[in-house]
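**Student:** what follows is a predicted protein model with its sequence.
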Amino acid sequence: MARTEVKTANAAEATASEEKQAQNGKTETEISVRGLTKSFGSQTVLEDITCDIPKGRITLMLGPSGTGKSVFLKCLMGLLKLDRGEIWVGEKNLPTLARKELYRVRRKFGVLFQDGALFGSMSVYDNVAFPLREHTRKGEREIRDIVNEKISMVGLQGAEKKLPGQISGGMKKRAGLARALVLDPEIILFDEPDSGLDPVRTAFLNELILDLNKQLGSSMIVVTHDIATARRVADYIGMLYLRNLVQFGPAKDMFDSKIPVVKQFLAGATEGPIGMSEEADRGKGDGGKFVSTSGMSAEETERLEREAGAPEEDREIAEREAGVRDGGGSRASGDASQGVA
Ligand SMILES: Nc1ncnc2c1ncn2[C@@H]1O[C@H](COP(=O)(O)OP(=O)(O)O)[C@@H](O)[C@H]1O
Ligand SMILES: [Mg+2]
């Protein structure tokens, strides 16, 4: 009996390592982008972008503010019409799809928008439940199980009843992430998950992203200009600069890049063509004290963040600004209309 168990464990191990090897050798493609070109009026934002976003991995798209990172994500989901190019998700080329088919493909995507894009007048629970109520015929009991699972998955247990105005920026991102997960997306897009967050909360969020990637096996595309995030989470990196995808490849190759703009950006150097001194290695040097908070309660998550040196919680400030406890946060905290594909 014991022997069989050992054998099984070894076999499982072998399979896992074989899988890993196969992954290293040949990467499957989740989204194939061919010649993507997008302009607004006379302004070309993205020009002739070609890359293969690998399946099941974390791909990071880096670039200075205003280079078209958000536009790129919206193009991937078919939320913006291209001028030219192809976006293949499986067998479907988005620009050629009829509306109904496009909606179907979009269901594969979960998105965490920059500010979490939560409905300000809805509790965390209702925000997370929203896509299920809107896009499925599931009953409230089933919805409750799914919502609770996802809320727990992002380390937010216990915060269900709070309004977005009563929770910190970091917690808002987690709530937005839980909502992005409820339809079990194959592809998860993160638009600057680190924006507006201090380095400590960013580091915890990054650990969570890494852990979720392992837990769920979904393909993740993270857009950011934060080098610490790039270092920590990226399997693949693409660098957008002046309309172009300057380089795209495995993270390791990118950090060894000879292309000056890539080198400079990834080094977080203050000199060179970009000139962004604030990019210098924020949030680094604290390796070890950041763990995945998946499965933790909101209270535990916040305690860990505080212990790791996160600045005084912005929640208290948020609470004060929200004023009256109930209904104080009736203002939507973002463009919630885009929160659901
Ligand atoms: N809907 C739009 N209409 C017109 N211009 C837009 C629109 N969306 C984005 N842009 C422009 O495209 C450029 C890239 O924007 P964006 O993708 O938001 O940059 P990033 O996310 O990299 O900071 C900016 O110059 C922005 O003003
Ligand atoms: Mg953006």
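**Tutor:** Received it, and whenever you're ready, just let me know what you need. Ligands and ions are numbered 1, 2, ... in the order given.
**Student:** so how far is ligand 1 from Ile31?
**Tutor:** For Ile31, the distance to ligand 1 (CB to the nearest ligand atom, to the nearest Å) stands at 17 Å. Where you see a C-beta, it was placed from the backbone N, CA and C, and this is true even at glycine.
**Student:** secondary structure element for that residue, which one?
**Tutor:** Assigned by DSSP states H and E, Ile31 belongs to strand 29-40.
**Student:** what mean pLDDT does stretch 163-180 get?
**Tutor:** On average, the pLDDT along stretch 163-180 is 93.
**Student:** how about stretch 241-255?
**Tutor:** 94.
**Student:** stretch 133-151 too?
**Tutor:** The predicted model assigns stretch 133-151 a mean pLDDT of 96.
**Student:** kindly report the same for stretch 69-83.
**Tutor:** Averaged across stretch 69-83, pLDDT comes to 95.
**Student:** give me the below-cutoff pLDDT ranges for this structure.
**Tutor:** Scanning the chain for pLDDT under 70 picks out 1-25, 116, 268-288, 313-341.
**Student:** got the residues of the protein near ligand 1?
**Tutor:** Phe40, Val45, Gly63, Ser65, Gly66, Thr67, Gly68, Lys69, Ser70, Val71 (CB under 6 Å from any ligand atom).
**Student:** the helices in the chain, which residues?
**Tutor:** With DSSP state H as the definition, the chain shows helices at residue ranges 2-25, 69-76, 99-106, 124-135, 140-153, 169-181, 199-216, 227-233, 251-255, 260-267, 298-307, 314-322.
**Student:** so which of these is the most packed in?
**Tutor:** Ranked by mean neighbour count, those are led by helix 169-181 with a mean of 27 (mean count of other CB atoms under 10 Å).
**Student:** tell me what that helix is packed against?
**Tutor:** Judged by 3 or more CB pairs under 8 Å, 6 or more residues apart in numbering; DSSP states H and E, helix 169-181 is in contact with strand 109-112, helix 124-135, helix 140-153, helix 199-216, helix 298-307.
**Student:** now the angle between helix 140-153 and the longest one, please.
**Tutor:** Using axes from the mean of the first three to the mean of the last three CA atoms, to 10 degrees, the direction of helix 199-216 lies 130 degrees away from that of helix 140-153.
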